[in-house]
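Visitor: Predicted structure and sequence below. I'll ask about it afterward.
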Amino acid sequence: MKMYEIPQSIDKYLDIELECSCGRTHYVPIKSVLVEAGAINKLPFYVEKYGYKHPYIICDEITYKIAAKKCEELLEENKINFKTVVLKHLGFDEATLGEIVINMPIETDLMIAVGTGSITDMIRYTSYKLRLPCFTVATGAPMDGFAASIGIVNVNNLKATMQAHNSELIIGDTDILKTAPYRMTVAGFGDLIGKLTCINDWELARIINNEHYCGSIVKLVKNFVESVLNDSGRIKDREPSVLGDVMRGLVLSGAAISLYGDSRPASGAEHHMSHYWETVMEQRGEVHAMHGEQVAVGTVLVLMLAELLAKTKPDFEKARNFVRSFDKDRWCEEIKRCYGSAAGEVFSIEEKAGKNNVASCLARIDSMEANWDKIALQLATLPSSAFLKSVLDDIGCPSTPAQIGIDADTLKDTFLYCKEVRPRYTIFQTVYDLGLMDEFSDIIINKLY
């Protein structure tokens, strides 16, 4: 079947191969998505429909009370054998993985994640490694990982994107979602609006690096972001229909990752900032904001950066001299200072990606010079940072770094070095290659602080 030219509802993308004009075959191996009132009551039906006999429920103390206990009751009523583990290791790292595996019955044929981002990421990753299927029962909608084929796991003290697989079934019971803390809902909205800047990064990568690009997936992402953005004012009322729309938007965002085969359609510079903040704040022993809150703040900051870039006529020869002056020894010392115990992982990423390789930087500058008119046109499509900030302020979502505990010094390091947390090309690399990051970051920090 051909990939849709016009964006469709989530069910149109599930468990069907879609031949796309981008040259790829897109496929989302999710069988069902239920976002409706009372959806959790259908859990036993789907366990039996797909032929499973021994489900293994994974939750934490909070999500047990919210939904896992109900899952147990439903499975008991239907005489389905199950085991539940209430996680104590909540670092979502190697220790969490060990607790999950140690407590898993040998006869387990299905894993059921009950929770939000970290638990569902961990179970999609663990079940992938164990070659077991998994279901997801959402207790809130703070991020877009429910339908993704990747998971964020803490490995060697660094937030790492790991290959995972999709949940076969995703349950978003709006009766449960509406009881989630309001903060979770606005965090989910924050994760969704981050697609504004991540799609811009993909466009820049297409123009500058000739990176593979799928216009159909871009249309899909833009469509659900626009829809949720238009309804943002109703989020404050906690209407189940709007909460359902946010959940469906988050599922579609995750589905876009699965359709493309990696997180390019859903994660860009704004996510790099979030991953960096989580890494450094955890090492400091500080509690970081929710992922979606960080992405929301990061999106505003990236838009501010894009606005400065759009007003600039780059000096390309000066940029070439800048990248030729790259001091690897100094860079290594700065990475050790900023990333601490996670520095080794960053060095491994750079060794494979070569983002700071002088020849690669010079090639990108040549491409920017040849295509600057196209780049300027792309930057002009973005909404203003002031507009987005006003939307976030209106619904009570953080919109400035200070609101999520990021001081000026940490923000400066973020601008300079968060691009190293992933090999992906973003606007941070564009600004860095042009030798403008130090100047632009100072302008933004002075405005904010």
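Guide: Everything's here; your move.
Visitor: Tell me the buried residues in the host helix or strand of Phe322?
Guide: Here Phe322, judged by DSSP states H and E, is contained in helix 316-324. Residues of helix 316-324 classed as buried by neighbour count (16 or more other Cβ atoms under 10 Å): 316, 319-320, 322-323. (Each C-beta comes from the backbone N, C-alpha and C, glycine too.)
Visitor: and which of these is nearest Cys332?
Guide: Closest approach between the buried residues of helix 316-324 and Cys332, by Cβ to Cβ: Val323, at 16.8 Å.
Visitor: quick one, strands of the chain?
Guide: With strands called from DSSP state E, the chain shows them at 18-19, 25-26, 32-36, 55-59, 83-86, 110-115, 134-138, 150-155, 158-163, 169-173.
Visitor: I'd like to know which of those strands is closest to Met184.
Guide: The nearest among the strands of the chain, by Cβ to Cβ, is strand 134-138 at 10.1 Å.
Visitor: same for that closest one, what does it pack against?
Guide: The contact analysis (3 or more Cβ pairs under 8 Å, 6 or more residues apart in numbering; DSSP states H and E) places strand 134-138 against helix 43-49, strand 110-115, helix 117-129, strand 169-173.
Visitor: got a markdown table for those, with distance to Val246, mean neighbour count and mean pLDDT too?
Guide: A markdown table is the format used below for these (distance: least, Cβ to Cβ, whole Å; neighbours: other Cβ atoms under 10 Å; pLDDT from 0 to 100):
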| stretch | distance to Val246 | mean neighbour count | mean pLDDT |
| --- | --- | --- | --- |
| helix 43-49 | 22 | 17 | 98 |
| strand 110-115 | 17 | 26 | 97 |
| helix 117-129 | 14 | 24 | 91 |
| strand 169-173 | 9 | 26 | 95 |
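Visitor: any chance of these in TSV, with distance to Thr179 too?
Guide: Output for the helices and strands packed on strand 134-138, formatted as TSV (distance: least, Cβ to Cβ, whole Å):
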stretch	distance to Thr179
helix 43-49	18
strand 110-115	14
helix 117-129	17
strand 169-173	10
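Visitor: now for the ones you listed, which one comes closest to Glu420?
Guide: helix 117-129 (21.8 Å).
Visitor: Skipping its backbone neighbours, what lies nearest Asp11 in space?
Guide: Val33 (6.8 Å; Cβ to Cβ, 6 or more residues apart in numbering).
Visitor: Tell me how many other residues crowd the one you found.
Guide: Residues near Val33, counting by other Cβ atoms under 10 Å, number 27.
Visitor: May I ask you to confirm that it is in contact with Gly254?
Guide: No. Val33 lies out of contact with Gly254 (Cβ atoms under 8 Å); the separation is 10.0 Å.
Visitor: Quickly list what's touching both of the two.
Guide: Both Val33 and Gly254 are in contact with Ala147, where contact means Cβ atoms under 8 Å, 6 or more residues apart in numbering.
Visitor: As JSON lines, the strands of the chain with distance to Ile207 would be great.
Guide: As requested, the strands of the chain are exported to JSON lines (distance: least, Cβ to Cβ, whole Å):
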{"stretch": "strand 18-19", "distance to Ile207": "26"}
{"stretch": "strand 25-26", "distance to Ile207": "23"}
{"stretch": "strand 32-36", "distance to Ile207": "34"}
{"stretch": "strand 55-59", "distance to Ile207": "43"}
{"stretch": "strand 83-86", "distance to Ile207": "48"}
{"stretch": "strand 110-115", "distance to Ile207": "38"}
{"stretch": "strand 134-138", "distance to Ile207": "36"}
{"stretch": "strand 150-155", "distance to Ile207": "25"}
{"stretch": "strand 158-163", "distance to Ile207": "24"}
{"stretch": "strand 169-173", "distance to Ile207": "35"}
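Visitor: number of nearby residues for Val85?
Guide: With other Cβ under 10 Å as criterion, Val85 counts 18.
Visitor: confidence score at the closest residue to it other than its chain neighbours?
Guide: In space, and not counting its chain neighbours, Val85 is closest to Asn103: 4.2 Å by Cβ to Cβ, 6+ apart. pLDDT recorded at Asn103 is 96.
Visitor: Same check on Ala67?
Guide: For Ala67, the predicted pLDDT is 97.
Visitor: That one against Ile112, yeah?
Guide: No. Counting by Cβ under 8 Å, Ala67 stays clear of Ile112, with 10.1 Å between them.
Visitor: Report the set of residues contacting both of those two.
Guide: Val137.
Visitor: Could you list every helix and strand in contact with the helix holding Phe322?
Guide: Using 3+ Cβ pairs under 8 Å, 6+ apart, the elements in contact with helix 316-324 are helix 358-370.
Visitor: Taking helix 316-324 as reference, get the angle to the helix it packs on.
Guide: Between helix 358-370 and helix 316-324, the angle comes out at 160 degrees (axes from the mean of the first three to the mean of the last three Cα atoms, to 10 degrees).
Visitor: And the residue lying farthest from the centre of the chain, how far from Leu43?
Guide: Centroid-distance maximum for the chain: Lys79 at 37.5 Å, with Cα atoms, centre = their mean. Lys79 sits 14 Å away from Leu43, taking Cβ to Cβ, to the nearest Å as the criterion.
Visitor: cool, and Ser258?
Guide: The spacing between Ser258 and Leu43, counted by Cβ to Cβ, is 22 Å.
Visitor: what's the answer for Val114, then?
Guide: Counting by Cβ to Cβ - Val114 and Leu43 are separated by 10 Å.
Visitor: Find residues that contact each of those two.
Guide: Common neighbours of Val114 and Leu43 (Cβ under 8 Å, 6+ apart) are 71, 137.
Visitor: Surely Asn78 is in contact with Lys42?
Guide: No. Asn78 is beyond contact range of Lys42, at 11.1 Å (criterion: Cβ under 8 Å).
Visitor: Which one of the two is surrounded by more residues?
Guide: Using other Cβ under 10 Å, the more surrounded residue of Asn78 and Lys42 is Lys42, with 17 against 12.
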